[in-house]
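K.L.:
fold the following.
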Amino acid sequence: MWLYDFPMSVGLPLFIVFVVGVSCGILLILRKWVFRVAPQGEEWDRVLSYAVGAYGVFYGVTLALIAAAAYGNFTEVDGVVLEESSSLASLYRTATLLPEPQQSELQEQIVQYTRAVIDNDWPLQRHLQLPAESDENISRIQQSIDAVEPQSAVEVVYVQEALEQFRELVHDRRDRIALTHLSLPGVLWIVLSVGAVLNAVLIGLIEVRNLRIHLLMSGMLALFVALLLYAIAGFDHAYAGPIAVTPEYFQDLLDGLFKNEP
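P.N.:
Numbers count the residues shown, from 1 in each chain. Below you'll find the predicted structure:
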């Protein structure tokens, strides 16, 4: 989507102008026709009020449900990213219990993997591409754990714990990558787009003598619809766009836990 190429400070105003402009344009196209064909009396307004009221409920509920689903997808991705970073932190802590030189080697491989996620995986996921560059880093972490030769029963326990945490890391990483293309079905975007057009059409069919008031009413409703549609689009692809899950959890590890450890 073209909106993903702009920051929110640019994309949101552009999208609002587009939606409000289309809505007002539809109003101006229908206005003369309405004055020409609308029957005298209250029948036109009465029938139209029923249609606008019923449509407003249906479209409003639809927007709310889809917005909630999009935000739910967004929070799911954010939670998966947090779990992966937590698995990394736990494995890094467990590495301090292993004998040298595997301890330092394992911690170094964890740091390199974290940097690879930030520098390599995330740019690809922002472009909705599945990353594979960090596969080699995962293999090196596994090799570092396998190279440990425990000398006591306690160290055996530590190695087993490290292997369990490594399995959790691989699982969390797979979930993060698998959710790269998580988005709403295309048919829902058709529903939202057609619904926005129908909303503008129904507003344009209302017989309002004062053009400024009519445009103001149409613009205000279109503004709110535009804000909701932009929010849904922003949440739709969690890794892309101005509203996106960022690698801040991994960066926090580099700036905090990994940096502070001797």
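K.L.:
any stretches of the stretch 151-262 of the chain with poor pLDDT?
P.N.:
260-262 (pLDDT under 70).
K.L.:
which parts of this structure are strands?
P.N.:
Taking DSSP state E as the criterion, the chain carries no strands.
K.L.:
for it, which helix extends over the most residues?
P.N.:
Ranked by number of residues, the top helix in the chain under DSSP state H is helix 43-95.
K.L.:
check the offset of that helix from the chain's centre.
P.N.:
Remark: helix 43-95 is offset 10 Å from the chain centroid, using Cα atoms, centre = their mean, to the nearest Å.
K.L.:
avg pLDDT for that helix?
P.N.:
Helix 43-95 shows a mean pLDDT of 90 in the predicted model.
K.L.:
that helix packs against which elements?
P.N.:
Contact partners of helix 43-95 among helices and strands, from 3 or more Cβ pairs under 8 Å, 6 or more residues apart in numbering; DSSP states H and E: helix 102-116, helix 153-178, helix 186-205, helix 211-236, helix 248-255, helix 257-260. C-betas here are computed from N, CA, C, even on glycine.
K.L.:
what do you get if the cut-off is 10 Å, keeping everything else the same?
P.N.:
Packing partners of helix 43-95 (3 or more Cβ pairs under 10 Å, 6 or more residues apart in numbering; DSSP states H and E): helix 8-37, helix 102-116, helix 135-146, helix 153-178, helix 186-205, helix 211-236, helix 248-255, helix 257-260.
K.L.:
I'd like to know which of those helices is closest to residue 45.
P.N.:
When these are compared by Cβ to Cβ, helix 186-205 sits nearest residue 45, at 10.1 Å.
K.L.:
report the backbone C-alpha coordinates of the closest one in PDB.
P.N.:
The C-alpha coordinates for helix 186-205 follow below in PDB (Å, rounded to 0.1, in the frame of the first residue of the first chain):
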ATOM      1  CA  GLY A 186      -8.700  -8.900   0.900                       C
ATOM      2  CA  VAL A 187     -12.500  -9.200   0.900                       C
ATOM      3  CA  LEU A 188     -12.700  -7.100   4.100                       C
ATOM      4  CA  TRP A 189     -10.900  -4.300   2.400                       C
ATOM      5  CA  ILE A 190     -13.400  -4.500  -0.400                       C
ATOM      6  CA  VAL A 191     -16.200  -4.200   2.200                       C
ATOM      7  CA  LEU A 192     -14.500  -1.200   3.900                       C
ATOM      8  CA  SER A 193     -13.900   0.600   0.500                       C
ATOM      9  CA  VAL A 194     -17.400   0.000  -0.800                       C
ATOM     10  CA  GLY A 195     -18.800   1.000   2.500                       C
ATOM     11  CA  ALA A 196     -16.900   4.300   2.600                       C
ATOM     12  CA  VAL A 197     -18.200   5.100  -1.000                       C
ATOM     13  CA  LEU A 198     -21.800   4.200   0.000                       C
ATOM     14  CA  ASN A 199     -21.500   6.400   3.100                       C
ATOM     15  CA  ALA A 200     -20.600   9.300   0.800                       C
ATOM     16  CA  VAL A 201     -23.400   8.500  -1.600                       C
ATOM     17  CA  LEU A 202     -26.000   8.400   1.200                       C
ATOM     18  CA  ILE A 203     -24.800  11.700   2.600                       C
ATOM     19  CA  GLY A 204     -25.000  13.200  -0.900                       C
ATOM     20  CA  LEU A 205     -28.600  12.000  -1.300                       C
END
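K.L.:
lovely, talk soon.
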